[in-house]
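Using only what follows, build the 3D model:
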Amino acid sequence: MASFGDLNRVNTNVQSLDAQLSLNRVNRDLANSRERLTTGKKINKAEDNAAGYSIATKLKSRVAGLEQSLQNVGDAKSVLDITESSFDIVMDSLIEMKSLATQAANDTLGDTERGYIGDQIAAIGSDINEIANQTIYQDTELLNGANNSGSITLTFQTGERAEDTITATINAVNVGELFAASGDASLGATTTAGGGAASGGAISVTAATASDQGTFTFASTATAADFNAFISAVDSAIDTMASNVNTIGITQSSLSLREDTLSESISATESAKSRIMDTDFAKEQSESVRLQILQQTATSALAQANNGPQSVLGFIG
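Residues are numbered from 1 along each chain as shown. Sure, this is the predicted structure:
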């Protein structure tokens, strides 16, 4: 910094050096200000604010995880929506099946008419199996018991932490699982010659296997009493479907709640990151104007300091 008597020396222009130092500082600060205005970020590199940069990086990572989790929740809801749609169709099929069984349980019908109704119910069973076969999401077969376990368990990643998951169990809804979950079963009141649930039941169903989803068999000798007993089996299947729908509904509700929570978390985390990283344009523009004025005054001061040594010529003139 210039002191008394510095103007009497020529080899070292201390005032010029001071002016250069001030101008360099102003130019540096002005460049940083313009960078902040250009990028919209208050912190563009770690040296601007090491602690703030570190915190903002962690917040950015969390936002990325939350945003992907929100997408995961949307995908999970899509899976359950597809499942629910198929459940609704299967439920409608079971209701139609009950209506036919109730009709066949009436003694006003003959064996021939009951045979026709048995064929219709068997066809509805095939349709239920086909619905189960066609309920697929991303190559995952959801309802046909393809893994031969009677259900499929899906774990949805619904948060940015490892423990933020929701598990959904989707039960198979083919004929075998709905009517013969514990094995081949006789669903009527009587048996045909030869006996046995699978081979001799007037109304019977086979259990689901890896290659077969279960099949109804209606003997030509099925009576009104057989169809009356079959009504109970249909009611049991309807109860099973109602339980399946209830389970899916509970999981959907949990996912919807998680969706709202994630949206709020994303907003709050983005806000926290913004306060650290983003430029306050009003403040920065004011700072930029101030620095531009200082740049002009420092440039003027440097020019005057460079002309100062000429005053020494008066001593030797």
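
which residues in the stretch 51-200 of the chain form helices?
Along the stretch 51-200 of the chain, the segments classed as helices by DSSP state H, counting those that start in this stretch run 111-134, 175-179, 197-200.

So which bits of the first one are buried?
Okay, so that is helix 111-134. 114-115, 117-118, 120-122, 124-125, 127-129, 131-132 (16 or more other Cβ atoms under 10 Å). All C-beta atoms are positioned from the backbone trio N, CA, C, and that covers glycine.

Asn174 reaches Asn129, doesn't it?
Yes. Asn174 lies in contact with Asn129 (Cβ atoms under 8 Å); the separation is 5.0 Å.

Now do the shared contacts for these two.
Asn144, Gln213, Gly214 (Cβ atoms under 8 Å, 6 or more residues apart in numbering).

Met277: which of those residues is nearest?
Asn144 (50.4 Å; Cβ to Cβ).

what's the residue lying closest to the closest one once chain neighbours are set aside in contact with, if anything?
Leaving aside its sequence neighbours, Asn144 sits nearest to Ala132 (Cβ to Cβ, 6 or more residues apart in numbering; 4.0 Å). By Cβ under 8 Å, 6+ apart, the residues touching Ala132 are Ser86, Val90, Leu143, Asn144, Gly145, Ala172, Val173, Asn174, Gln213.

For Arg162, grab the count of nearby residues.
Just so we're on the same page, residue 162 is Ala rather than Arg. 7 (other Cβ atoms under 10 Å).

cool, Asn306 as well?
Neighbour tally, Asn306, other Cβ under 10 Å: 14.

What of Val234?
23.

Now do it, the pLDDT please.
For Val234, the model assigns a pLDDT of 94.

which ones are touching it?
Leu94, Met97, Lys98, Ala101.

what does Ile276 give?
Per Cβ under 8 Å, 6+ apart, neighbours of Ile276: Lys42, Ile43, Asn49, Gly52, Ile55, Ala56, Leu59.

one step back: quick one: buried ones out of the contacts of Ala132?
The buried subset of these - by 16+ other Cβ under 10 Å - is Ser86, Val90, Leu143, Asn144, Gly145, Ala172, Val173, Asn174, Gln213.

so the second one makes contact with Val173?
In other words, Val90. Yes. Using Cβ under 8 Å, Val90 is in contact with Val173, at 5.1 Å.
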